[in-house]
Each structure stands twice: as structure tokens, then as C-alpha cells.
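Enquirer: below: sequence and its predicted model.
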Amino acid sequence: MAASNATLARCLEEIAELLELDGQDRFRVRAYQRAAEAIRAADVDLARLPREELTTVKGLGGSTAERVAEHLDTGRIALLDELRQRIPEGVRALTRVPGVGPATARRLHDELGVGSLDELRAALATGAVRTLPGLGARSEARLRAGLERLEALDAQRLPIATAWSIAQELRAALAAREDVARVACAGSLRRLRETVGDVDVLVATEADPAPIHAAFRALDLVDEVLVAGDRKSSVVTRRGLQADLRVVAPDAWGAALVYFTGSKAHNVRIRERALRRGLTLNEYGLSRRDDGAVVASRAEEEVHAALDLAWIAPTLREDAGEVEAADTAGGRTPTLPRLVRPTDLCGDLHGHSDWSGDGRASLGTMAAAAADRGLAYWAVTDHAAGLPQVGLDAAGFARRREAIAAARETTGLAVLDGVELNILAQGAVDFDADVLAAFDWCVAAIHTGLEHDAATQTDRILAAIANPFVNAIGHPTGRRLGQRPGYEIELGAILEACAETGTALELNASPSRLDLPAELARRAVTAGVWLVISTDAHAPDELANADWGATYAQRAWASPAQVLTCQPLERVRRLVADKRERLG
DNA sequence: GCCGTTTTCGGCCCGACTGTTTTCAGTCG
């Protein structure tokens, strides 16, 4: 089986990392990094592309395309094999220590023979590290602390909802100060990445920034101070989450927000754009290179406009085509999508009641809460019997129909009679056609056998898609943020089958899932496959997770027209009827 | 190694902080 885009991207990233450790030209390193990013953002499987078209992917040039072709043809890349042989695995591990970059790792290895984290620990103990020119006792202490922090860091990025609540506390504490004019959370939190490695807080003030920094570093939820400057502070908060504070003048708010929101790759892209216009962009403003006059700085819209760009939503800022799409140079019309917003959602097609074992509220309570949110329709999709201890059998679903009828009566809401089917080992689902035909809406999802390889999971999902009664694939990768990565799937084949059969893919809005991942969801909407943003709510308050789902879907460049739960109920019913008619 | 509103060569984002440096390299975001 040919490698997926993700695998290819990882290989090129590793080459970049090893070339850097090898002390090679940094622009060559960056070329490999950019090629990896380009592959990850590509909307086609490179394996399906004719070899001579690989270089049409922007960021892939002669050499990097050749490496990709080599991997697709042979499953290996000679350059990568050679680098791996020359640079010990342990040396790469050194750069994971905060404060150790490629240069230090190389020196530790070349000059002290340090080739692993354990050997670094030993070299610190014997005082060998401080014998290196440029590294003294304080560096030694820093590396020791870095080694300790590494273990906390290995708990890795936090799910966005966890980081969000810590960020709100930081924000509130700063907003309460009289000398703080504005405060905002930027970084990956503002871009709504599904996991967050650190929280970036931006403050604007006319006053002296030093007391604000001091107060920030002294907050109760701060465990440790990493950096203490007048313009910048870094701390470690609860749960090992790093938080960075930047304080700027109100005049620089827009430029600082652009800078601090990132992503890094996006920033690099627009700074290059500035250079080509004789301008330079930093966190204080966009200015002319010749005389330094500031052209724009107060608002993001100003900064973008001065670069001949329409304003770019933070959720798109990943250097994945958004700068090209925002281009207004020469009177061009930007091609940015009209992004889906929480208020565009008018339905929810995945929810639970206490009819199945894991629901935490009655069907009536859930329906009333859905009606309160102003939804036009809500599907109650309790688990089917294949999920032991939890699921309902056919008789149970038949009994549930009375409760559905009652809920429709009392709430006036269109409650759809739904089910969350289990995709079993060979791709079969819990019930036969005669039982399935009675439902209004069927979600099918993998709940068991999460450990299978990509080919097996894909076959199971394809079998479910071929079922005339399956309308959507629920949480398609099975990931749980911060807990498990999810199984791999071959998306290309799945998208083809979805498009052919009129089957939707769910974007599960639970902040512990956010599944489909945005990169995959973007490919789905590009392929014309319906996205179903649903909450999978097991309790009334979880219906509000729809907001997470809608905003996260912006990262997939999704418009309301591509989201089924933004469509009226008639459209949903037509989709269901069409599939049954064509395949039934 | 890639790329083009300075185009097929000569560039390649920008600044804060730290440590150990008398002027800067490394790391980080």
C-alpha cells in the first residue's frame, strides 16, 4: 500500500530535523519543512497523483518531489535511511529538552559524546557540560530543569477545552486591572486548534508594562516562571500548561494580534509578502523599509489591507492557501469561503438519551433543551445493541417511539427517530434492513476493534457506507484528544464512496473529539461530501458543544452550504430517501 | 532546496530573552 500524505509529511519532517542536527544549510532544512507542510495541507493523496505532477504542489520542488516519488515507489527514502544511520536517535531526543536546540545537541554529541537523555543527565552530574565554551553553571542548571520539565511536557498538548478554561482565568485576572486597556487570547487557542501547547495572552496598555508582567508572573495559578522580561513573560501554569504574555501599546494592537495569533508558517508567509512590497512586518506594525514609516498597526484589518489582503479569519491562518485566497492585489476578488458559524447550525443529528446506557438525561429533557437552543430538528441516536451493556435492541427502539412521539408533542421540535449503529468487525451493522427502515436517521460508527490497521478500518467503513440505511459515519477516526490518537483511515476511498452514495461524514463537535480532524474535513468538503456537525450530546449542557464544532469546522474551510446540519429538515429527509431509493 | 509584482540567480521573517559573550549565538515563538 502506498504511503498516506501524513506518512510522507512525517518522513520529510524527519529529514529536515536530521539535516538541521547535521548542521546543514538552514534554507535547505526549511525547504524540507515547507514541503512537509505542503503535503499535509494537500487536498489530494499524493499516491494517486501522476509522478510528473508532484511538483505542481506548491512547496514541492525537484528534489523533494523526487524523495516523495522514491517513497511511493520503494517504500523508503535513501537520504532518510542514511541520515538515521549517521545521527543517533538519542541525539534527536536531546532537542526535546527545553533549551536544547540543534546546535547544542550537536555540540553535546560531537564534543562530549552525549548521545541520549541518560548520558546528558550523567554529563550534567559530572560537570562535563560546563567545560564547553559558552556553557556555564547557569546553563547547566537550565538544562537540568529542562530535563525535569521534559517529563511534564511529555503529557503533551492539552485538549482545547482544558486550555480554554485556564486561558479564561488568566484573561480575567488581567482584564480586572485598571492599567490594562485590552486583553485577548491569541495563538492556537484563537485559531481553534484541537489541542493547545501553550496559551498566548496579549495585553494593550498606555501604562508601564512592567507591573503588568510582574502581576502576571505572580498569579496564583502560576507554578513556575520561565522568562521574565519587560515585554514578554513565560510561565508554567496548572497542568503543566505554558502561558506567554506580551504587552504592547494600543497603537500596535492589530499588528501584535496578527503576530501573536500565528501560525508561525502563516506569519512567515505574510512577512515575505511584506518584503516584496518594500515593507516589513513585526509585532509593532507594518512599516516601510526605506524610511521606517508605519503603514498599518492599529487593527488586523488594516494590516491585512495594507498587504493587499482581505481580512483572514484566525481559524484559516495555517499557511494552507489562505493568503492566496485573500489576495486583492490588482483589484482581484478574494476567494475566501463564507465560513460556517455557530448561528448557522439549525439541526443536530447525533444525540443520546437515557434510553441507552450512557445517556444522562431523559429523551424529553434532551428534546426540550434542543428546542431551547432554537434548533429546527434533533435526532436522538441512542446506541444499538452491539455495544454491550449500553445499547438497545430492536424491541427497545420500538418502545422508545412512544417517548419520541411525546417529546414531539410537548416541545414542538422535529425529533428524528435515530440510532447510532456499531460498525462491527466485517463492516456489518447491528440490524437488518427491516429494522433499519423504521428509523429516520442512522449514524454508524466504529466503537470496537480500534486497533486495526488503515486498510481494515477503511474496509469496515466502506461496507457501512454501502448500506442503504447508513446516513453518516460518526466520529470517523475515533480519536480522543489527549487520550488516544485514533485509528488511521484511507480518506480518498472513503470520500469517493460517500460522494457516490450520498453518505455524510460527521464532524463530532465534542471538544474531547473534534472528529473529523480539520485537515480531513477540508478534503471532505472539497470532494463535495456533506459534513454533519453534531454534538453527540449525552446531557443537555453538551448541546452547546455545537459552538465548538461550528468554529472548528472553519479550519476545514467549510461553508454553511457544505454542512448538512445547516440545511432545513427537508434537505436531510431528501438525502435519506435518495440513498434508500438508489441503493435499497 | 524553493521560488518569482527586485524572477532562472540571489535571496530566503522577525524580535525578545538568556547566558556568557565584551558584540553575539542559540533558543523560542
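Expert: That came in fine, so what should we check first? Numbering: from 1, shown residues only, chains lettered A, B, ... in the order given.

Enquirer: any idea how far DNA strand B is from residue A:286?
Expert: 10 Å (Cβ to the nearest atom of the strand, to the nearest Å). Heads up, the C-betas are built off the backbone N, CA and C, glycines and all.

Enquirer: the helix or strand harbouring residue A:254 - contacts with which helices or strands?
Expert: Assignment of secondary structure by DSSP states H and E places residue A:254 within helix A:253-261. Here helix A:253-261 touches helix A:187-190, strand A:198-204, strand A:242-248, helix A:264-276, strand A:279-282, helix A:300-306, going by 3 or more Cβ pairs under 8 Å, 6 or more residues apart in numbering; DSSP states H and E.

Enquirer: can you give the contact residues for that helix?
Expert: Residues from elsewhere that reach helix A:253-261 (Cβ atoms under 8 Å, 6 or more residues apart in numbering): A:182, A:184, A:186-187, A:190-191, A:200, A:202, A:204, A:246, A:248, A:267, A:270, A:281-286, A:296-304, A:314, A:317.

Enquirer: mind giving me the PyMOL select for the residues you listed, buried ones only?
Expert: To isolate the buried members of these in PyMOL, using 16 or more other Cβ atoms under 10 Å:
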select buried, chain A and resi 184+186+187+190+191+200+202+204+246+248+267+270+281+282+283+285+286+296+297+300+302+303+304+314+317
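
Enquirer: find me the pLDDT at the closest residue to residue A:222 other than its chain neighbours, would you?
Expert: Among residues not flanking residue A:222 along the chain, residue A:235 sits closest, at 4.5 Å (Cβ to Cβ, 6 or more residues apart in numbering). Turning to residue A:235, the model gives it a pLDDT of 94.

Enquirer: residue A:152 too?
Expert: The score at residue A:152 is 68. That number is its pLDDT.

Enquirer: try residue A:387
Expert: pLDDT, residue A:387: 87.

Enquirer: and it, what helix or strand is that in?
Expert: Counting by DSSP H and E, residue A:387 is found in no helix or strand.

Enquirer: could you give the number of residues near it?
Expert: Counted with other Cβ atoms under 10 Å, residues neighbouring residue A:387 total 20.

Enquirer: correct me, but it touches residue A:422?
Expert: Yes. The pair formed by residue A:387 and residue A:422 meets the contact definition of Cβ atoms under 8 Å, at 5.6 Å.

Enquirer: hang on, the earlier thing: which SSE is the residue nearest to residue A:222 in?
Expert: Per DSSP H and E, residue A:235 falls inside strand A:232-237.

Enquirer: what does the stretch 301-450 of chain A put close to DNA strand B?
Expert: Within the stretch 301-450 of chain A, the residues that sit near DNA strand B (Cβ under 7 Å from any atom of the strand) are A:329, A:330.

Enquirer: in the stretch 301-450 of chain A, which spans are helices?
Expert: With helices called from DSSP state H, counting those that start in this stretch, the stretch 301-450 of chain A shows them at A:322-325, A:363-372, A:394-411, A:433-436.

Enquirer: any buried residues in the third one, and which?
Expert: For helix A:394-411, the neighbour count (16+ other Cβ under 10 Å) marks A:394, A:397, A:400, A:403, A:404, A:407, A:411 as buried.

Enquirer: and the gap between the fifth one and DNA strand B?
Expert: What it means is residue A:404. To DNA strand B, residue A:404 is 50 Å away according to Cβ to the nearest atom of the strand.

Enquirer: roughly how far apart are that residue and residue A:369?
Expert: Distance of residue A:404 to residue A:369, given as Cβ to Cβ, to the nearest Å: 15 Å.

Enquirer: mind listing what residue A:543 touches?
Expert: Going by Cβ under 8 Å, 6+ apart, residue A:543 touches A:348, A:351, A:366, A:369, A:370, A:373, A:535, A:537.

Enquirer: if we ignore the residues flanking it in sequence, what's nearest it?
Expert: Once flanking residues are discounted, residue A:543 sits nearest to residue A:537: 4.8 Å by Cβ to Cβ, 6+ apart.

Enquirer: in the sheet, who's paired with that neighbour?
Expert: Beta bridges link residue A:537 to residue A:351 when assigned by DSSP bridges.

Enquirer: list the contacts of it.
Expert: Contacts here follow Cβ under 8 Å, 6+ apart; on that basis residue A:537 touches A:348, A:350, A:351, A:352, A:366, A:543, A:545.

Enquirer: for the first one, give me the pLDDT.
Expert: If I follow you right, that is residue A:348. We have a pLDDT of 98 for residue A:348.

Enquirer: contacts only, for it.
Expert: A:370, A:375, A:377, A:378, A:379, A:534, A:535, A:537, A:543, A:546, A:565.

Enquirer: can you find the helix or strand in chain A with the smallest mean pLDDT?
Expert: helix A:137-153 (a mean of 83; mean pLDDT, DSSP states H and E).

Enquirer: all set, thanks.
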